[in-house]
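> Turn this into a structure:
(one chain, ligands or ions: 1)
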Amino acid sequence: MKRLPIELPQQNKLVKLSSDLYWGRLPLPFRLNHINLFIIDTKDGWVIVDAGIYGEETKKYWKSLLSGLLSTKPIDKIIITHHHVDHIGFAAELADMTGAKCYISRAEMKHAQFIFNMSFSEFSDLLVSIYSKYGLPLEEIELGRNDSSRYKRYVPELPDFNNFSLEDTIQGTSSDWRCRIDSGHSSGQISFINERDKLFLPTDFLLPRISPNISADIRDIDKDVLGDYLEYLEDMTTLDPEIRIYPGHDWPFKNGNLRALDLIRHHNQRLEILLSNAQKKPLSVSDGIDLLFNKRFESHELFFAAGESRAHLNHLSKQNKVKKDTINRNGQEIDLFYV
Ligand SMILES: [Zn+2]
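The predicted structure follows:
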């Protein structure tokens, strides 16, 4: 995708994108080293879209914004697009700092609460049982045991959430921002479209360079989340090519319809690789990691790679292209997918 010639927000500064939309960028302690957040100017005050990850850097960032441009009006709402740590982590503290109410979709709230309400040992037991079903080798299952604190390290507290639903529109000072709620990369992500100004904030579902991670849902590892995401992408292929897209990571672009086609092709290729190999021998999720990535991963990357492999196998299964059986291998119950 071609990057639109718009300057990136400098540290603690916002870039004005339209008469009522501002763009900020927060650092992240990961390989993906930043998140984009957006602020909509409304007659009731500022609406903040996403809070960033929990941490001192994020706190400094918000303090600086709240004493600068954002001090000119009250903060009307904080909207959290989805439950991933880089979007939700600082929400509770930002609500305390601003006195604003936090909003999220019902599906994302349930997902966040499911992970947050588990103790460290409950979470690691769940991960170990999932990794075991995935047929991962014992040393990788152990990585799951030690990965139990990742969510709470970056999300130490959840705010009191209010429900944000499809009927809720944000009325900017000069235009309306219509809400979408989609499932795929997460379970009910909020995004905003401004038809009049041809602007779209798809958060993590449509990125210019990265294929958003599509992972099996740890609450129900059989669920066809890739099917949901492919439906979303199909819908995006009808997007007006002129709509300017401001994503949750990376830089702004146009031709979102073509990007959606790229991503559909990418997932279809992955499905084809798994299907042709399942015709030769039954595949575990672990086999799928080898086939899709051709390498093994450490803890949190392993979580995403395994989840991605399972999501693709689930989709083949939903399409009745493969069957699933559980076998017992040396006491380990393993799901296998075969033709
Ligand atoms: Zn995300």
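> Report the spatially nearest residue to Ser325, omitting neighbours in sequence.
No Ser there; residue 325 is Asp. Using CB to CB, 6 or more residues apart in numbering and skipping the chain neighbours, the partner closest in space to Asp325 is Leu336 (5.5 Å). Where you see a C-beta, it was placed from the backbone N, CA and C, and this is true even at glycine.
> Quick check: which element contains the one you found?
Using DSSP states H and E, Leu336 sits within strand 332-338.
> Show me what counts as buried in that strand.
By 16 or more other CB atoms under 10 Å, the buried positions in strand 332-338 come out as 334-337.
> where's the residue nearest to Asp325 relative to Gly135, distance?
Note on Leu336: its distance to Gly135, by CB to CB, to the nearest Å, is 8 Å.
> Flag every residue of the stretch 201-339 of the chain that's near the ion.
Contact residues, the stretch 201-339 of the chain versus the ion (CB under 5 Å from the ion): Asp204.
> Just the strands from the stretch 201-339 of the chain, written as ranges.
For the stretch 201-339 of the chain, strands defined by DSSP state E, counting those that start in this stretch occupy the ranges 244-247, 323-329, 332-338.
> Just put the ones you listed in JSON lines and tack on mean pLDDT.
Output for those, formatted as JSON lines (pLDDT from 0 to 100):
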{"stretch": "strand 244-247", "mean pLDDT": "98"}
{"stretch": "strand 323-329", "mean pLDDT": "96"}
{"stretch": "strand 332-338", "mean pLDDT": "96"}
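> Just put the ones you listed in a markdown table and tack on distance to Asn36.
Formatted as a markdown table, the strands of the stretch 201-339 of the chain follow (distance: least, CB to CB, whole Å):
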| stretch | distance to Asn36 |
| --- | --- |
| strand 244-247 | 7 |
| strand 323-329 | 38 |
| strand 332-338 | 37 |
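> Would you tell me which of the ones you listed gets closest to Arg259?
Closest to Arg259 of the strands of the stretch 201-339 of the chain is strand 244-247 (CB to CB; 7.9 Å).
> List the buried residues of that closest one.
244-247.
> between those, which is nearest the ion?
Closest approach to the ion among the buried residues of strand 244-247 (CB to the ion): Pro247, at 10.9 Å.
> picking up where we left off before, any idea of the angle the strand holding Leu336 forms with strand 323-329?
Put simply, strand 332-338 runs at 150 degrees to strand 323-329, going by axes from the mean of the first three to the mean of the last three CA atoms, to 10 degrees.
> Quick one: residues in contact with strand 332-338.
For strand 332-338, contacts defined as CB atoms under 8 Å, 6 or more residues apart in numbering pick out 132-135, 274, 278, 281-285, 313, 316-317, 322-328.
> ok, of those residues, which come out buried?
By 16+ other CB under 10 Å, these give 132-135, 274, 278, 282-285, 313, 316-317, 322 as buried.
> In helices, which of the residues you listed fall?
Mapping those onto helices (DSSP state H) picks out 132-133, 274, 278, 285, 313, 316-317.
> Include pLDDT when you put these into a markdown table, please.
Shown next, in a markdown table, are those (pLDDT from 0 to 100):
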| residue | pLDDT |
| --- | --- |
| Ser132 | 96 |
| Lys133 | 97 |
| Leu274 | 98 |
| Ala278 | 98 |
| Val285 | 98 |
| Leu313 | 98 |
| Leu316 | 98 |
| Ser317 | 98 |
